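# Build me a model from this:
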Amino acid sequence: MTERGRNAIHRTANQFTIGPSQLSWQDNALTITINERVPLLGQRVQGSIKVHTEQLFNHVASLDDQQKHRWGPIAPSSRVEVSFNKPDLHWQGNAYFDSNEGDEAINKPFSEWDWSRSHLKDGSTAVIYDVRQKNGVEKVLATKFNVDGSTEDFLAPKRVELRKTGWRIQRNMRSDLDQEVSVINTLEDTPFYARSMIASKLLGEDVVSMHETLNIKRLESGIVQCMLPWRMPRNPTRIY
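The predicted structure follows:
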């Protein structure tokens, strides 16, 4: 993930090129071709990720009161094939494919949020956005995306506090209260963001959810802003 200048970006109806990497869309499948370098160390990261969409959704929801930030689940239930030669990495499994867009910086309206995606027994996907805004207003989106292309809003259960991350970020999960909620694995642990696998109960089912927590106050801190370019390099040139 390298931030690049306008001169390194090109877009057509079915393809989006960012420097030496690109995304292309064909026959309800998204192919992500990656040709990047590891920050600081410089090793090549080369390979492809192919996302096979099972059901497309034309669904957009605002995340803030001013409707300046929007979330769109394009294919909440998908299949993915990962094939890399640098490093040697090959696997396949379930996937989730969505989009976020905003008309302003993310730190304007939000203070933090928790998000989760759960795969249900009937093949549908349940997504919960638990958003806390800087104006003190909480906004909770809870939607079930069915295999026939329909959607259903549902009442999100109570918020349950989870153990803090290694960077001491508080994680929360919406879960039915008659089931213990536990962190199976923390996949990404940063000063302002965490991605985890959580075991809980939702809509009467035992589920394993992909979960994320975003802490905007941490993101805004000066030390984190200084650290970001080392994790996500910025290259304004066409030299790859």
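# Surely Thr190 is in contact with Gly166?
No - counting by C-beta atoms under 8 Å, Thr190 stays clear of Gly166, with 9.3 Å between them. (Each C-beta comes from the backbone N, C-alpha and C, glycine too.)
# So what's the gap between the helix or strand bottoming out on mean pLDDT in the chain and the chain middle?
In the chain, no helix or strand scores lower on mean pLDDT, DSSP states H and E than strand 234-235, which sits at a mean of 88. Chain-centre distance of strand 234-235: 22 Å, with C-alpha atoms, centre = their mean, to the nearest Å.
# cool, and stretch 133-145?
Worked out by C-alpha atoms, centre = their mean, stretch 133-145 lies 16 Å from the chain centre.
# Could I get the buried residue list for that stretch?
By neighbour count with 16 or more other C-beta atoms under 10 Å, stretch 133-145 contains the buried residues Gln133, Lys139, Leu141, Ala142, Thr143, Lys144, Phe145.
# Tell me the pLDDT of the fifth one.
Going back to what we said before, that points to Thr143. Thr143 is assigned 98 on the pLDDT scale.
# Contacts for the helix or strand it falls within next, please.
Under the criterion of DSSP states H and E, Thr143 resides in strand 138-145. Residues outside strand 138-145 that contact it (C-beta atoms under 8 Å, 6 or more residues apart in numbering): 55, 57, 59, 61, 63-65, 71, 73, 76-77, 120, 124-133, 151-156, 174, 203.
# So Thr190 and Gly166 - more neighbours on which side?
Thr190 (18 against 10; other C-beta atoms under 10 Å).
# Find the nearest non-adjacent residue to the more buried one, please.
Nearest non-adjacent residue to Thr190, counting by C-beta to C-beta, 6 or more residues apart in numbering: Trp167, 6.5 Å away.
# how about the one you found, secondary structure?
When classified by DSSP: H, G, I helix; E, B strand; the rest coil, Trp167 comes out as coil.
# That one and Leu214, how far apart?
From Trp167 over to Leu214 the distance is 12 Å, taken as C-beta to C-beta, to the nearest Å.
# Could you do Val60 as well?
20 Å.
# Pull the number of nearby residues for Ser209.
Neighbour count for Ser209, taken as other C-beta under 10 Å: 23.
# if we look at the lengthiest helix in the chain, which residues are touching it?
Longest helix of the chain, by residue count under DSSP state H: helix 222-231. Residues outside helix 222-231 that contact it (C-beta under 8 Å, 6+ apart): Pro39, Leu40, Thr190, Pro191, Phe192, Arg218, Leu219.
# can you rerun that using 10 Å?
1, 3, 39-40, 190-193, 215, 217-219, 221, 234 (C-beta atoms under 10 Å, 6 or more residues apart in numbering).
# Buried ones in it, by neighbour count?
Here helix 222-231 shows Val224 as buried, counting by 16+ other C-beta under 10 Å.
# try stretch 118-125
So stretch 118-125, judged by 16+ other C-beta under 10 Å, has buried residues Ser118, His119, Leu120, Ser124, Thr125.
# State the pair within these that is farthest apart.
Farthest pair in the buried residues of stretch 118-125 (C-beta to C-beta) is Ser118 and Ser124. Separation: 9.3 Å.
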